[in-house]
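1. One predicted model, sequence on top.
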Protein chains: 2
Amino acid sequence: MKSANIVPVQHLVTSEQRWRINGHRGGILWLTGLSASGKSTLALELERRLVLVERRAYVLDGDSIRGGLSSDLGFCAADRNENIRRVGEVAALFARAGIICITAFISPFHADRDRVRAAAPGLFHEIWVKADLEVCERRDPKGLYVKARDGEIPDFTGISSPYEEPKSPELIIETNRMSIEDCVDRLVTYAEETFSLRG
Amino acid sequence: MKSANIVPVQHLVTSEQRWRINGHRGGILWLTGLSASGKSTLALELERRLVLVERRAYVLDGDSIRGGLSSDLGFCAADRNENIRRVGEVAALFARAGIICITAFISPFHADRDRVRAAAPGLFHEIWVKADLEVCERRDPKGLYVKARDGEIPDFTGISSPYEEPKSPELIIETNRMSIEDCVDRLVTYAEETFSLRG
């Protein structure tokens, strides 16, 4: 921490006040999994379904963040870690603001995910979007696995860089065993239980 | 932009849907001004007042951001610019999520403020929290001006580094001519007009 002469800000609004006007709590639904496992598809559909029932939900996606907040970062290991760190900090701010923040990032390393959990105590829900590598590679909607196999993309998760499987995620969604609709239903149910004011 | 192999995310929720369930639009109220001009005080009180009337408002403050998202940055010119860039990107995400994001940063340079405006088209409202340097230096609640005069803090805005006054801010709040209460009333009125769904 390089910052000096810093006094922490003291909001004059409690989390409970924010929850009350929204009718639900805020928090982070952190989707992790291989490329093409279905994270972004599920995240966007979950956001749509939650907004339909008047929940404040917002998706942070690798694509949108890479074009803005992390546009200065590349794809070396250090930059990837820094990208996940920033997303975690932003997601924590959203959660504290009372929003259900849904993130969709491969985030392959325990250390990075655990750091986000630590930065957002009580707000972080790790959701493993699980699909076999062969299935993801067959889907390959962006042609990234082909490029990775050809060596055009270095350090590609699952091919030339490891995916560290979550040890005790709050939820596992198996996208090669369930339909997208069933996966989204499961996520909506989890969100409604988790962020209910009655809980 | 170092990012490659990026496809922009497409939310399945419109801004209008988010506004409708909130009862108001999202946007950025960007407070700029000298240290001790009153930015944080006004921002936190404005947040409190807006939440009381069921607006979703959230303050981003130099102090909270410096302890999280920008904890890797110091206070040299390049790091200060990067800090403001990141805050601008986060504020734009909040605004797109339907939140009234209130930021309180000295943000002394035209170029930095204009870059945030460009990153959040139609969402950015520049509010100059204006107070004479002598008044700010007399207030000096954190003792920073004393340290700056003693040379303990280099490049301190107003003392050893310039404050570039906004050329055409959306609003000017003169904190040495009006009471805090009147300043906050003016800000609440501006926010209510600006983010009304009837506008």
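-> The structure has been received and is ready for your questions.

2. Just the C-alpha atoms of stretch A:118-130, please, in CSV.
-> Output of stretch A:118-130 as CSV, limited to C-alpha atoms (Å, rounded to 0.1, in the frame of the first residue of the first chain):
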residue,chain,number,x,y,z
ALA,A,118,-10.8,-11.5,1.4
ALA,A,119,-11.5,-8.0,-0.1
ALA,A,120,-15.2,-8.4,0.2
PRO,A,121,-15.9,-10.2,3.5
GLY,A,122,-19.3,-11.9,3.6
LEU,A,123,-20.2,-10.6,0.1
PHE,A,124,-18.3,-13.1,-2.1
HIS,A,125,-20.0,-16.2,-3.6
GLU,A,126,-17.8,-18.4,-5.7
ILE,A,127,-19.7,-20.2,-8.4
TRP,A,128,-17.8,-22.8,-10.4
VAL,A,129,-19.2,-22.9,-14.0
LYS,A,130,-18.0,-26.5,-14.6
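
3. For chain A, which element, helix or strand, carries the lowest mean pLDDT?
-> Within chain A, no helix or strand scores below helix A:62-66, which has a mean of 86 by mean pLDDT, DSSP states H and E.

4. Any residue of that one touching chain B?
-> Yes: using CB under 8 Å from any CB of the partner chain, helix A:62-66 reaches chain B at A:62, A:63, A:64, A:66. C-beta: built from backbone N, CA, C; applies to glycine.

5. I'd like these written out as TSV, with distance to residue A:156 and neighbour count added.
-> Output for the residues of helix A:62-66 next to chain B, formatted as TSV (distance: CB to CB, whole Å; neighbours: other CB atoms under 10 Å in any protein chain shown):
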residue	distance to residue A:156	neighbour count
A:62	14	24
A:63	16	16
A:64	21	19
A:66	16	23
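
6. Quick check, residue A:90 in contact with residue B:93.
-> Yes: counting by CB atoms under 8 Å, residue A:90 does reach residue B:93; the two are 6.8 Å apart.

7. what do those two both touch?
-> A:60, A:69 (CB atoms under 8 Å, 6 or more residues apart in numbering or on different chains).

8. what about residue A:30, which helix or strand?
-> Residue A:30 belongs to strand A:27-32 when elements are defined using DSSP states H and E.

9. which residues sit against that strand?
-> So strand A:27-32 is in contact with A:39, A:42-43, A:46, A:91-92, A:94-95, A:100-108, A:113, A:116, A:120, A:123-129, A:166, A:169, A:187, A:190-191, A:194-195, going by CB under 8 Å, 6+ apart.

10. rerun that using 7 Å as the cut-off
-> A:39, A:42-43, A:91-92, A:95, A:100-107, A:113, A:116, A:120, A:123-129, A:166, A:191, A:194-195 (CB atoms under 7 Å, 6 or more residues apart in numbering or on different chains).

11. Can you list which of the residues you listed are found in helices?
-> Secondary structure from DSSP state H places A:39, A:42, A:43, A:91, A:92, A:95, A:113, A:116, A:191, A:194, A:195 of those in helices.

12. Can you tell me which of those residues is nearest chain B?
-> residue A:92 (7.0 Å; CB to the nearest CB).

13. burial measure for the closest one, as a count.
-> Neighbour count of residue A:92, defined by other CB atoms under 10 Å in any protein chain shown: 22.

14. Spit out the contact partners of it.
-> Counted by CB under 7 Å, 6+ apart, residue A:92 has contacts A:28, A:119, A:120, A:123, B:68.

15. Can I get those residues in TSV including distance to residue A:17, pLDDT and neighbour count?
-> Listed next are these as TSV, based on distance: CB to CB, whole Å; pLDDT from 0 to 100; neighbours: other CB atoms under 10 Å in any protein chain shown:
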residue	distance to residue A:17	pLDDT	neighbour count
A:28	20	98	26
A:119	23	92	18
A:120	19	93	23
A:123	17	97	20
B:68	22	95	17
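
16. List just the nearest of those to residue A:138.
-> Residue A:138 has its nearest neighbour among the contacts of residue A:92 in residue A:28, at 30.4 Å by CB to CB.

17. Next, work out how far apart the closest one and residue A:81 are.
-> Per CB to CB, to the nearest Å, residue A:28 is found 18 Å from residue A:81.

18. Equivalent analysis for residue A:134, please.
-> 28 Å.

19. Settle it for me: which of those two has more neighbours?
-> residue A:81 (16 against 9).

20. quick one: low-confidence parts of chain A?
-> Scanning chain A for pLDDT under 70 picks out A:1-9, A:199.

21. in it, which spans are strands?
-> Here chain A has its strands, by DSSP state E, at A:27-32, A:57-61, A:100-104, A:124-130, A:171-174.

22. Could you export these as JSON lines, including distance to residue B:162?
-> Below are the strands of chain A laid out as JSON lines (distance: least, CB to CB, whole Å):
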{"stretch": "strand A:27-32", "distance to residue B:162": "40"}
{"stretch": "strand A:57-61", "distance to residue B:162": "35"}
{"stretch": "strand A:100-104", "distance to residue B:162": "37"}
{"stretch": "strand A:124-130", "distance to residue B:162": "42"}
{"stretch": "strand A:171-174", "distance to residue B:162": "52"}
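
23. Touching, residue A:11 and residue B:44? I think so.
-> Yes: the criterion here is CB atoms under 7 Å, and residue A:11 meets it with residue B:44 at 6.5 Å.

24. what sits in contact with each of those two?
-> residue B:59.

25. Let me see the contact set for the residue sitting nearest the centre point of chain A.
-> Centroid-nearest residue in chain A, with CA atoms, centre = their mean: residue A:103, separated by 2.5 Å. Going by CB under 7 Å, 6+ apart, residue A:103 touches A:28, A:30, A:31, A:60, A:87, A:91.

26. For burial, what's the neighbour tally of residue A:76?
-> 12.

27. What distance do you get for residue A:17 to residue B:53?
-> Taken as CB to CB, the span from residue A:17 to residue B:53 is 12 Å.

28. between these two, who's got more neighbours?
-> Set side by side, residue A:17 and residue B:53 show more neighbours around residue A:17, with 16 against 13, by other CB under 10 Å.
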